[in-house]
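Engineer: Have a look at this prediction, sequence included:
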Amino acid sequence: MMTNPTGRLTQGQFSFLPDLTDAEITLQIEYGLKKGYAWAVEYTDDPHPRNTYWEMFGMPMFDLSDAAGVMMELKSCRSTFPQHYIRLVAFDSTRGVETIVMSFIVNRPAVEPGFGLVRQETNGRTMRYTIRGYEAERAEGERYRR
Amino acid sequence: MRTARTVAEVMAQSQAGDVLDELDRELVGLAPVKARIRDIAALLVIDRLRMNQGLQAQTPSLHMSFTGNPGTGKTTVALRMAQILHRLGYIRKGHLVAVTRDDLVGQYVGHTAPKTREVLKKAMGGVLFIDEAYYLYRPDNERDYGQEAIEILMQVMENHRDDLVVILAGYGDRMETFFQSNPGMRSRIAHHLEFPDFAEGELLRIAEMMLEQQNYRFGPGAREAFQEYLARRIRQPQFANARSVRNALDRARLRQASRLFANPDKELTVDDLSTIESPDIRASRVFDPGAAATPNN
C-alpha cells in the first residue's frame, strides 16, 4: 500500500520505531525537562499531515521538575481519549527559539487505515492530487471506533 | 560502585549523613523532631540494604504533618527533609514547593481542580509543603472549593506515593480540628511531627547563630541584655519563637545603625560595625514597663 506503507501514522520523532513504552517516554520527558522545555499533551482524531495544531489537553506544563507530572497528565488523557492520537510536544522558550522542539506520538488507535489519494481532473489533462484520511470521512469524535 | 551491604556504606554513598549532621548542628533544640527524622532515615537506609539483598522493600508512605506554634522551624525542617529524602533516593529531585490555600483553591466552579493538579505536577519528584493546611477546609461554608482540593490531594497522595511527599503544616490545635473533619487525610499521613516551643536558652543560641550568619556579634553585656529581653518577651502575647528572635535582632540592628549614624565624623572599625551593644537591645519597648501590652517593639 503506497499511502500507508507501515500501517501506522509516521509523524514526529520515533514514529518509525515500535511504540515507546511508558518508561521510555518518561526518559524522553526527563531529557526535555533537563533542557528546560515545557511539555504539553495534545490529541486529535484527524491526523492529516497538514493538521499542525492538535487539540490541547490542558495547559502546557511550565516549571515542572519531574516527568511524573507529565505522565500523570498523559495517563488522564489516555483514559479520556483511548482511540485518539495523542502526542507530547516540548516547547523551548529560549528567546529567539520560542518554538516546539520535540514532538512524538504516545498513543494511537488500534487500527490506522491511513490516507487515500484523491485525484481531481481540471483544465485539459491536468490532474490535481490531494490526500484524505479514510477515517476523516466520519464526524469528529466518531472516527477510529471499531 | 559496589552494592552497599552496611549502613555506613549506604550513608557514605548517599551523603545523607552530612545532611543529618547539618540538621543537628544548625537547628537548635527540636529533639523529638530530629529523633523522628533519624528514624525515617534509618528506615530508608535499611530498605535500601534490603533491596540490595533482593528482599521486598515496599516504599513506605512518607506524607507528614508538622504541627507547632509559629516560628518553631516547620518550614526550615521541611526544606531539610526534602534534601534528606533526596539523598536517600526516596524522592527523585529533592525540590520543595511551598504553597498555601490560595495556590490550590480556585475562585469559581471548575477552577480548583486544574489549579491543584498544576501545583501537584510541579511538586512531583519533590516535596509539597502546604502551609496552614487547615485553611483548605472551611466548615462554615459547605460549598467551599477547598474540599475539592482536599479530595484531589488525597487521591494523588495515595496513587503517587513514590512520586511526591506531601507535608501539611500548621498550628497544633487547628490542625487537630482539620484532621477531625477529614479523617481520610489523617489516615494517609504516616508521620505526625510535633514541633515543641523553644526554651529560653535555645532561643538565645538561635539568636547567636543568626547574628553569626550576618557577621554580627553581641558586645559586652549585650548577650545578658538579650537574655533578659527574651525572658520578658516570652511572657507577652503573640510570641513567635525564632521568628520573634529574628525580628528583635533586626530591630537591634536598626538601632545600632542609627547609633553609628549619629556620629558622622567617627572612623568606624570592623568591630564597631559588627557589634550589637547592650543599649541597642535595652532600648526595646519590651523593657518599658508602661508599654508591656504592645508586643511590637
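Structural biologist: Now that the structure is in, tell me what you want to look at.

Engineer: after whichever strand or helix holds B:I234, next one along is what?
Structural biologist: For B:I234, the host element (DSSP states H and E) is helix B:222-235. Secondary structure here is assigned by DSSP H and E; on that basis, the next helix or strand after helix B:222-235 toward the C-terminus is helix B:241-261.

Engineer: any idea of the angle that next one forms with helix B:222-235?
Structural biologist: In terms of direction (axes from the mean of the first three to the mean of the last three CA atoms, to 10 degrees), helix B:241-261 departs from helix B:222-235 by 130 degrees.

Engineer: for helix B:241-261, packing partners?
Structural biologist: If you count contacts as 3 or more CB pairs under 8 Å, 6 or more residues apart in numbering or on different chains; DSSP states H and E, helix B:241-261 packs onto helix B:200-213, helix B:222-235, strand B:275-276, helix B:278-282. Heads up, the C-betas are built off the backbone N, CA and C, glycines and all.

Engineer: burial measure for B:L153, as a count.
Structural biologist: 25 (other CB atoms under 10 Å in any protein chain shown).

Engineer: What lies in contact with the helix or strand encompassing it?
Structural biologist: When elements are defined using DSSP H and E, B:L153 is found to belong to helix B:146-159. Residues external to helix B:146-159 that are found in contact with it (CB atoms under 8 Å, 6 or more residues apart in numbering or on different chains): A:72, B:63, B:101, B:104-105, B:112-113, B:115-117, B:120, B:135-138, B:164, B:166, B:182, B:184-185, B:188.

Engineer: Emit the PyMOL select command for whichever of those residues are buried.
Structural biologist: Isolation of the buried members of the contacts of helix B:146-159 (16 or more other CB atoms under 10 Å in any protein chain shown) is achieved in PyMOL through the command below:
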select buried, (chain A and resi 72) or (chain B and resi 63+101+104+105+112+115+116+117+120+135+136+137+164+166+182+185+188)
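
Engineer: The helix or strand following the helix holding B:L153 vs chain A: in contact?
Structural biologist: If you walk from helix B:146-159 toward the C-terminus, the next helix or strand you reach (DSSP H and E) is strand B:165-170. No - under the criterion of CB under 8 Å from any CB of the partner chain, chain A is not reached by strand B:165-170; the shortest gap measures 12.2 Å.

Engineer: Strand B:165-170 vs helix B:146-159, what angle?
Structural biologist: Inter-element angle recorded for strand B:165-170 and helix B:146-159: 140 degrees (by the same axes, to 10 degrees).

Engineer: Strand B:165-170 pairs with which strands, and in what direction?
Structural biologist: The strands beside strand B:165-170 in its sheet (DSSP bridges) come out as strand B:64-68 (parallel), strand B:127-130 (parallel).

Engineer: How about the first one, which residues are buried there?
Structural biologist: Judged by neighbour count using 16+ other CB under 10 Å, the buried positions of strand B:64-68 are B:M64, B:S65, B:F66, B:T67, B:G68.

Engineer: isn't the last one right up against B:E194?
Structural biologist: Yes - the pair B:G68 / B:E194 is scored as a contact, 6.3 Å apart, by CB atoms under 8 Å.

Engineer: how about the strands in chain A?
Structural biologist: Listed in chain order, the strands found in chain A under DSSP state E are A:38-44, A:55-56, A:85-92, A:99-107, A:115-121, A:127-133.

Engineer: Identify the residues contacting the residue of the stretch 51-200 of chain B found nearest chain A.
Structural biologist: Among all residues of the stretch 51-200 of chain B, B:G125 sits closest to chain A, at 2.6 Å; criterion: CB to the nearest CB. The contact partners of B:G125, taken as CB under 8 Å, 6+ apart, are A:S65, A:D66, A:A67, A:A68, A:G69, B:I91, B:R92, B:K93, B:G94, B:H95, B:D163, B:L164.

Engineer: what bits of chain A have low per-residue confidence?
Structural biologist: With pLDDT under 70 as the threshold, chain A has low-confidence stretches at A:1-4, A:146.

Engineer: can you give me the helices in it?
Structural biologist: Counting by DSSP state H, chain A forms helices over residues A:22-34, A:67-80, given from the N-terminal end onward.

Engineer: Pick the most deeply packed of the ones you listed.
Structural biologist: Ranked by mean neighbour count under mean count of other CB atoms under 10 Å in any protein chain shown, those are led by helix A:67-80, which reaches a mean of 19.

Engineer: Grab the CA positions of the helix holding B:L153 and hand them over as PDB.
Structural biologist: Output of helix B:146-159 as PDB, limited to C-alpha atoms (Å, rounded to 0.1, in the frame of the first residue of the first chain):
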ATOM      1  CA  GLY B 146     -11.400  23.700  49.500                       C
ATOM      2  CA  GLN B 147     -13.000  20.400  49.800                       C
ATOM      3  CA  GLU B 148     -12.400  19.700  46.200                       C
ATOM      4  CA  ALA B 149      -8.700  20.500  46.600                       C
ATOM      5  CA  ILE B 150      -8.500  18.100  49.600                       C
ATOM      6  CA  GLU B 151     -10.100  15.300  47.600                       C
ATOM      7  CA  ILE B 152      -7.600  15.700  44.700                       C
ATOM      8  CA  LEU B 153      -4.800  15.900  47.100                       C
ATOM      9  CA  MET B 154      -5.800  12.700  48.900                       C
ATOM     10  CA  GLN B 155      -6.100  10.900  45.600                       C
ATOM     11  CA  VAL B 156      -2.700  11.900  44.400                       C
ATOM     12  CA  MET B 157      -1.200  11.200  47.900                       C
ATOM     13  CA  GLU B 158      -2.500   7.700  47.500                       C
ATOM     14  CA  ASN B 159      -1.700   7.000  43.900                       C
END
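
Engineer: Now residue 133. Nearest residue, chain neighbours left out?
Structural biologist: No chain in the question, so chain A it is. Nearest in space to A:G133, with sequence neighbours left out and distances taken as CB to CB, 6 or more residues apart in numbering or on different chains, is A:F115 at 5.1 Å.

Engineer: um, chain B though
Structural biologist: Computed as CB to CB, 6+ apart, the closest residue to B:A133 that is not its neighbour in sequence is B:L168, at 3.8 Å.
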